[in-house]
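Q: quick one: sequence plus predicted model below, questions after.
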Amino acid sequence: MMVRNVVMVMLFVTVIAPITLYTDRLASISIQASSSSSSGDDDFVEDVTAFPANAAHTTARLSLLPQESSATTRLKEPEGVVYSDNSSDSLPGAKGTSAHPNHSHPHQDGLLVDSMEHVSARMLSTTTDPDLSQTYDPIRQVTQTLEQGNQFLSESESDAKIGASEQNIDDASRTRETKPEQQSTQTSSKVDRRRPTKTMTAKQNDETAIPNGRVRHFKDQLIRAKVYLSLPATRNNPHFTREIRLRIKEVQKTLGDASKDSDLPRNAYDKLKAMEQTLTKGKQIQDSCAAMVKKLRAMLHSMEEQLRVHKKQAMFLTQLTAKTLPKGLHCLPLRLTTEYYTLNSSQQKFPNQEKLEDSRMYHYALFSDNVLAAAVVVNSTVTHAKDPANHVFHIVTDRLNYAAMRMWFLVNPPGQATIQVQNTEEFSWLNTSYSPVMKQLGSASMIDYYFRTHRTNSDSNLKFRNPKYLSILNHLRFYLPEIFPKLNKVLFLDDDVVVKKDLTALWSLDLKGNVNGAVETCGESFHRFDRYLNFSNPLISKNFDAHACGWAYGMNIFDLEEWKKQNITEVYHGWQKLNHDRQLWKLGTLPPGLITFWKRTYPLDRSWHVLGLGYNPSVNQKEIDGAAVIHYNGNMKPWLEIGIPKYRNYWAKFVDYDHTYMRECNINP
């Protein structure tokens with residue numbers, strides 16, 4: 001019995017007494033709350049009693065309502081739910097939701113004011129209309145807006161949404177009885193769904209802004225890793241040294257020959273991340289910024305030196321390629337020469353030879369040792385000529401290619417046009433006693449300039465070492481009256497041009513007493529006289545204008561009668577003798593041409609001759625389409641592999657690649 005009494009006392013102290021005390025406390029709080037509520041807001045109580053009798057539902061609704069004393073709070077009750085999320089992506093508009101200016105919304109500080117601010121402001125101003133106080137539901141409006149798309153609206157889109165707000169208000173009256181907690185859940189899920197969309201969009205924008213950014217990041221990591229690997233602090237840490245070397249191998253293997261992100265393997269991001277972690281360790285190990293800066297400067301200097309060497313090598317290889325004859329073009333003259341000497345003497349003659357000295361014909365001068373190039377010039381000219389029978393082509397070549405050139409045009413006659421092929425050996429007047437350039441080309445100094453291996457004191461510009469400057473074919477343009485003594489006018493064409501229009505109008509052109517008709521090339525400063533001549537020499541500076549316009553060789557109409565009257569050949573000889581030590585200009589024919597025809601050149605319209613297709617990939621397409629002659633001046637000739645691809649077809653369409661000789665020598669487009 002004693003034990004029983006003790007148990008009862010303990011039960012009363014530990015269980016019943018606390019319950020009694022808690023119940024009394026709860027009752028007093030309830031009475032105070034009821035008194036305060038009845039005296040503070042009768043309309044609010046009436047609104048609450050209008051809810052369904054479901055106790056759980058009522059409790060849920062009451063738990064969501066802020067305990068405020070203002071009657072207008074009823075219009076704002078859903079906002080306590082909509083903006084309960086403290087995310088920075090929450091929609092604006094909570095500011096000013098209370099009827100009292102000094103009342104602060106519990107979640108106001110967490111809101112982000114964005115480009116929808118003017119939309120929500122107009123929506124909230126609608127809720128202050130007394131006539132809509134029982135029908136408008138902001139949650140419905142926000143939900144509708146989010147369902148339109150998970151992105152911020154532009155100003156024009158916003159106005160369209162606001163224009164439909166009346167329909168949204170009608171919808172709100174029908175959805176008034178939806179449970180607030182369900183609305184809160186749906187709205188929160190939509191807002192949450194909005195966040196990853198924004199994040200993903202930002203990531204896509206970053207990737208778009210930096211194309212192939214991952215490949216670049218890999219390359220940057222390799223540079224940083226090599227810097228860390230060379231620093232003393234790293235060498236004193238064997239564990240880190242092994243780790244960074246391993247990472248370098250992994251990145252190099254992952255990167256491979258990839259030039260864009262799509263070429264990288266699937267595990268590229270993991271390797272990128274692993275390397276970044278290793279580099280972070282290296283940053284912690286390395287405590288001297290000065291050592292890092294010193295190493296980076298050394299690497300920069302080394303890379304600049306390597307770049308300079310590679311540029312020089314590239315220039316040398318380009319020049320070498322331009323000088324070297326491709327195997328197919330070497331095979332072709334050999335094959336043609338063999339065939340030519342199998343012909344009898346009667347088969348080796350060209351027809352219509354009586355037209356060669358007829359001044360009524362249209363005569364062309366072409367000096368070339370390239371059979372295929374000469375064939376394209378002739379074919380393109382004849383194709384566009386209105387009356388091919390009146391056109392005569394005078395081709396001069398060297399002894400080595402003479403038979404091949406004749407054989408080609410015997411097998412491939414240019415329609416009704418007349419062909420003459422001459423050999424420089426036939427010009428008995430062209431000797432060292434008459435021509436200073438012949439003497440200079442055979443001099444020991446010239447041979448030493450081109451062929452000695454040690455060139456420390458020679459000109460560093462490989463452009464001037466092209467063997468074409470050693471060929472007399474390049475200088476025959478200064479001897480036109482001697483080559484064609486009975487002709488009045490001659491149109492000179494280089495072998496790297498393509499004719500696109502009829503050229504007969506040039507023979508009737510009035511040169512106004514000038515000897516040379518040419519297209520000027522002073523569109524850019526580097527095509528003026530000071531680009532080609534040495535104006536530090538008084539002989540040049542006293543006689544010529546450094547800013548005078550240059551002009552182009554390649555398509556020139558020469559008046560041979562005026563040439564003879566003004567004794568142009570002797571003018572050329574005089575200046576050529578003065579330049580025996582190459583102090584007035586470097587090698588080539590344009591500088592002496594500028595001097596010889598100074599104030600004796602008539603400027604032609606630019607459409608007659610468009611240059612640059614052998615070095616400039618950005619020649620204006622309209623100029624090419626409207627040109628009478630296009631010129632592949634430069635190293636990238638159309639018959640070489642280094643030729644600019646988009647210009648090659650203008651030249652290639654005049655080559656018959658199905659010809660027997662072309663197939664035998666494996667010459668393909």
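A: Now that the structure is in, tell me what you want to look at.
Q: C-alpha from now on. contacts and neighbour counts both.
A: OK.
Q: domains of the chain?
A: Taking the TED database as the criterion, the chain consists of the domains 213-287, 327-665.
Q: of these, flag the one that's most buried.
A: Highest mean neighbour count among the domains of the chain (mean count of other C-alpha atoms under 10 Å): domain 327-665, with a mean of 17.
Q: what about it, how long is it end to end?
A: 8 Å (C-alpha to C-alpha, to the nearest Å).
Q: now do residue 642 against residue 623, distance only.
A: Taken as C-alpha to C-alpha, the span from residue 642 to residue 623 is 23 Å.
Q: same deal with residue 425?
A: For residue 425 relative to residue 623 (C-alpha to C-alpha), the value is 40 Å.
Q: so residue 360: helix, strand or coil?
A: With DSSP: H, G, I helix; E, B strand; the rest coil as the basis, residue 360 sits in coil.
Q: same thing with residue 364?
A: Assignment for residue 364 (three-state DSSP): strand.
Q: and it, what does it touch?
A: 391, 392, 393, 394, 490, 491, 492, 493 (C-alpha atoms under 8 Å, 6 or more residues apart in numbering).
Q: at 7 Å what do you get?
A: 392, 393, 394, 490, 491, 492 (C-alpha atoms under 7 Å, 6 or more residues apart in numbering).
Q: quick check, nearest of these to residue 638?
A: Closest to residue 638 out of these is residue 492 (20.1 Å), distances taken as C-alpha to C-alpha.
Q: wait, doesn't that closest one sit right on residue 556?
A: Yes - counting by C-alpha atoms under 7 Å, residue 492 does reach residue 556; the two are 5.1 Å apart.
Q: shared neighbours of the two, anything?
A: By C-alpha under 7 Å, 6+ apart, no residue touches both residue 492 and residue 556.
Q: for this protein, give me the ranges with low pLDDT.
A: For the chain, the stretches with pLDDT under 70 are 1, 17-18, 20-210, 287, 319-323, 446-469, 523-526.
Q: quickly find the element holding residue 405.
A: Residue 405 is located in helix 402-411, with elements delineated by DSSP states H and E.
Q: if you could redo that for residue 246, that was the one I meant.
A: helix 238-255.
Q: longest helix anywhere in the protein?
A: If you go by DSSP state H, the chain has its longest helix at helix 289-323.
Q: ok, then the element right after it?
A: With DSSP H and E, the next secondary element past helix 289-323 is helix 327-340.
Q: that following helix to helix 402-411, inter-axis angle?
A: Angle, helix 327-340 to helix 402-411, by axes from the mean of the first three to the mean of the last three C-alpha atoms, to 10 degrees: 80 degrees.
Q: show me what helix 327-340 is packed up against.
A: Packing partners of helix 327-340 (3 or more C-alpha pairs under 7 Å, 6 or more residues apart in numbering; DSSP states H and E): helix 402-411.
Q: alpha carbons only: can I get the helix it packs on in PDB?
A: What follows is helix 402-411, C-alpha atoms only, in PDB (Å, rounded to 0.1, in the frame of the first residue of the first chain):
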ATOM      1  CA  TYR A 402      61.300  26.500-126.900                       C
ATOM      2  CA  ALA A 403      60.400  23.100-128.400                       C
ATOM      3  CA  ALA A 404      57.800  22.400-125.700                       C
ATOM      4  CA  MET A 405      56.100  25.700-126.200                       C
ATOM      5  CA  ARG A 406      55.900  25.200-130.000                       C
ATOM      6  CA  MET A 407      54.600  21.700-129.600                       C
ATOM      7  CA  TRP A 408      51.800  22.700-127.300                       C
ATOM      8  CA  PHE A 409      50.400  25.300-129.700                       C
ATOM      9  CA  LEU A 410      50.900  23.000-132.700                       C
ATOM     10  CA  VAL A 411      48.800  20.400-131.000                       C
END
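Q: the next helix or strand after that helix pairs with which strands, parallel or anti?
A: Proceeding N to C from helix 402-411, the next assigned helix or strand is strand 418-423, under DSSP H and E. Here strand 418-423 is paired, per DSSP bridges, with strand 391-397 (parallel).
Q: residues making contact with the strand it pairs with?
A: With C-alpha under 7 Å, 6+ apart, strand 391-397 has contacts from 356, 361-369, 417-424.
Q: now with 6 Å, please.
A: 361-369, 417-423 (C-alpha atoms under 6 Å, 6 or more residues apart in numbering).
Q: for the stretch 401-550 of the chain, which segments count as strands?
A: Along the stretch 401-550 of the chain, counting by DSSP state E, counting those that start in this stretch, strands occupy 418-423, 489-493, 497-499, 516-518.
Q: and these: which comes nearest residue 213?
A: strand 497-499 (43.8 Å).
Q: how close does residue 570 sit to residue 518?
A: Taken as C-alpha to C-alpha, the span from residue 570 to residue 518 is 21 Å.
Q: circling back: closest one to residue 283 out of the contacts of residue 364, please.
A: residue 492 (68.7 Å).
Q: name whatever forms a beta bridge with that closest one.
A: residue 365, residue 556.
Q: any chance of the strands of the stretch 401-550 of the chain in JSON lines with distance to residue 628 as columns?
A: Shown next, in JSON lines, are the strands of the stretch 401-550 of the chain (distance: least, C-alpha to C-alpha, whole Å):
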{"stretch": "strand 418-423", "distance to residue 628": "21"}
{"stretch": "strand 489-493", "distance to residue 628": "12"}
{"stretch": "strand 497-499", "distance to residue 628": "6"}
{"stretch": "strand 516-518", "distance to residue 628": "13"}
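Q: export the domains of the chain to TSV and tack on distance to residue 315?
A: Rendered in TSV, the data for those read as follows (distance: least, C-alpha to C-alpha, whole Å):
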stretch	distance to residue 315
domain 213-287	25
domain 327-665	8
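Q: mind checking which of those domains is nearest residue 296?
A: So among the domains of the chain, domain 213-287 is nearest, using C-alpha to C-alpha, at 7.1 Å.
Q: got the end-to-end distance for stretch 358-374?
A: End-to-end distance for stretch 358-374: 22 Å, by C-alpha to C-alpha.
Q: if I look at residue 520, how far off is residue 562?
A: Following C-alpha to C-alpha, the distance that separates residue 520 from residue 562 is 20 Å.
Q: do residue 306 as well
A: For residue 306, the distance to residue 562 - C-alpha to C-alpha - is 54 Å.
Q: before we move on, what about residue 438?
A: 25 Å.
Q: and if you look at residue 289?
A: 75 Å.
Q: so which of the strands of the stretch 401-550 of the chain is nearest residue 237?
A: Using C-alpha to C-alpha, the nearest of the strands of the stretch 401-550 of the chain to residue 237 is strand 497-499, at 65.9 Å.
Q: which strands and helices sit next to that closest one?
A: helix 371-384, strand 629-631 (3 or more C-alpha pairs under 6 Å, 6 or more residues apart in numbering; DSSP states H and E).
Q: what's it in contact with?
A: So strand 497-499 is contacted by 377, 380, 381, 629, 630, 631, 632 (C-alpha under 6 Å, 6+ apart).
Q: please repeat the previous calculation with a cut-off of 8 Å.
A: Contacts for strand 497-499 (C-alpha under 8 Å, 6+ apart): 376-377, 380-381, 384, 554, 628-632, 650-651.
Q: stretch 471-486 too?
A: Residues contacting stretch 471-486 (C-alpha under 8 Å, 6+ apart): 357, 359, 367-368, 396-398, 424, 427, 437-438, 468, 487, 492, 560, 563-564, 569, 572, 589.
Q: could you do stretch 277-286 as well?
A: Contacts for stretch 277-286 (C-alpha under 8 Å, 6+ apart): 221, 224, 225, 228, 231, 233, 234, 240, 243, 244, 247.
Q: can you check stretch 417-424 too?
A: Stretch 417-424 has contacts (C-alpha under 8 Å, 6+ apart) with 350-353, 355-356, 382, 388-399, 402, 405-406, 409, 413, 473.
Q: thanks a lot, catch you later.
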